[in-house]
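1. Fold the stuff below for me.
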Amino acid sequence: MTTRTKAILSAIPIAILLVLIGFYYLFPEPTFTLLVKAERAAAGLEARRIRAAGLDFTYLEGGKGEPLVLLHGFGANKDHWTRMGNYLTPYFRVIAPDLTGFGESSPAPDGDYTIRTQVRRVNAFVRAMDMASFHLGGSSMGGHIAGVYAAAYPQQVKTLLLLAPGGVVSAQPSDMARRMMEGGSNPLLAETIADFRRTLDFVFYREPFLPRPIKKVLLRKALDHQALYAAIFEQIRESWHREPLEEVLRGLRMPTLVIWGVRDRVLHVSGAAVLASVMPNAEVVSMKGVGHLPMIERPLQTAEAYRNWLQNTQYTPF
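-> Coordinates of the predicted model:
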């Protein structure tokens, strides 16, 4: 092999890297799509669609074992569960839908996004999936929906997983609550890249690495739905005060695990103790150095906490 040939061969990897970097910065949206698909594939999850109650639902599904339905939070989508799902698919058939009005699922034709209405839509989705019983989990808004669902359809839900659920009105005021009571803007709604950066700083204690081009893609997606999200948030707040989660779940004996980040600025961690005080079979895991989204910030630790809890409860699926 000549010196010239060696030089050409050694330059090829550098050239490929430069092409990939150029593609990444010039075409961030296709790159984002590829990264999302790659992360889903690594977790053993596939995107699928189903129609229920006149609405289209897009959802992730994968794994083996008993069904585990996971509901995302406000402004989020099914991919909030992908990283944690990587550690759950060996044990469960994981199903994570885009809730109505979010992600790739249909918006609500009647404009109703109250918690009770979303519960009825999740029930329609579950029936379309032909699931008689399943484990149920939810984060933030999705945790509120999951809790109300468990109380409304206790015969369907084997166990309940609540990650910093919304609707616990007797918890101490969070940073977000105080900020909004003082007339400040909603930190979960972003209009600029700077706003979006502050939103990420607000929901995470240690923000996962997100390159600037990817942040721009996420911001564009958020801006496309900004007016809808603002309207949904107001309906969610009304639902909180109409039916506080601690009252809905009071006395419910279903095995329940509550996971909450101690550094949560969106919903105060004191909500975990409130729920444990009204639910006879609820246990709490408080995560130090974690913000509002433990399944993203600490996916392995969150999945292990859930699996370990299940093994120590009266219900052991594996």
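2. and the spatially most central residue of the chain, how far is that from N308?
-> In the chain, the C-alpha nearest the mean C-alpha coordinate belongs to H72, at 3.2 Å (C-alpha atoms, centre = their mean). The gap separating H72 from N308 is 23 Å, by C-beta to C-beta, to the nearest Å. Bear in mind the C-beta positions are built from the backbone N, C-alpha and C, glycine included.
3. G166: what secondary structure?
-> The three-state label given to G166 by DSSP: H, G, I helix; E, B strand; the rest coil is coil.
4. Find the residue closest to it in space, skipping its chain neighbours.
-> Counting by C-beta to C-beta, 6 or more residues apart in numbering, H144 is the residue found nearest to G166 once chain neighbours are left out, at 4.1 Å.
5. burial count for that neighbour?
-> Applying other C-beta atoms under 10 Å, we find 30 residues neighbouring H144.
6. Can you mark which positions in the strand ranked longest in the chain are buried?
-> Among the segments of the chain that qualify as a strand by DSSP state E, the longest is strand 55-63. Buried residues in strand 55-63, counted by 16 or more other C-beta atoms under 10 Å: 55, 57-63.
7. ok, now stretch 238-247?
-> Within stretch 238-247, the residues scored as buried using 16+ other C-beta under 10 Å are 239-240, 243-246.
8. before we move on, what about stretch 112-131?
-> In stretch 112-131, the ones that count as buried by 16+ other C-beta under 10 Å are 113-115, 117-119, 121-126, 129.
9. Name the helix or strand of the protein that has the lowest mean pLDDT.
-> The weakest-scoring helix or strand in the chain, judged by mean pLDDT, DSSP states H and E, is helix 3-26 (a mean of 43).
10. Can you show me the helices along the protein?
-> 3-26, 28-43, 82-85, 115-128, 141-152, 175-181, 193-203, 212-224, 226-242, 245-248, 270-278, 294-297, 299-312 (DSSP state H).
11. coming back round to it: can you redo the buried residues of stretch 238-247 as JSON lines with pLDDT and distance to T31?
-> Putting those into JSON lines (pLDDT from 0 to 100; distance: C-beta to C-beta, whole Å) gives the following:
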{"residue": "S239", "pLDDT": "92", "distance to T31": "37"}
{"residue": "W240", "pLDDT": "91", "distance to T31": "38"}
{"residue": "E243", "pLDDT": "91", "distance to T31": "42"}
{"residue": "P244", "pLDDT": "96", "distance to T31": "43"}
{"residue": "L245", "pLDDT": "98", "distance to T31": "39"}
{"residue": "E246", "pLDDT": "98", "distance to T31": "43"}
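12. What does the pLDDT read for P317?
-> Looking at P317, its pLDDT is 54.
13. give me the low-pLDDT residue ranges for the stretch 101-250 of the chain?
-> For the stretch 101-250 of the chain, applying pLDDT under 70 flags the ranges 210-215.
14. Please identify which pair of the buried residues of stretch 112-131 lies farthest apart.
-> T114 and M129 (22.8 Å; C-beta to C-beta).
15. For the closest residue in space to R120 that isn't next to it in sequence, give me its contacts.
-> With sequence-adjacent residues excluded and distances taken as C-beta to C-beta, 6+ apart, R120 is closest to A53, at 7.9 Å. By C-beta atoms under 8 Å, 6 or more residues apart in numbering, the contact set of A53 is 120-121, 124, 128.
16. Closest one of these to G251?
-> Relative to G251, the closest of the contacts of A53 is R120; by C-beta to C-beta it sits at 22.6 Å.
17. From P165, how far off is the closest one?
-> 18 Å.
18. same check, this time on E46
-> The gap separating E46 from P165 is 27 Å, by C-beta to C-beta.
19. Which of these two has more residues huddled nearby?
-> A direct count of neighbours by other C-beta under 10 Å for E46 and P165 places P165 higher, at 31 against 12.
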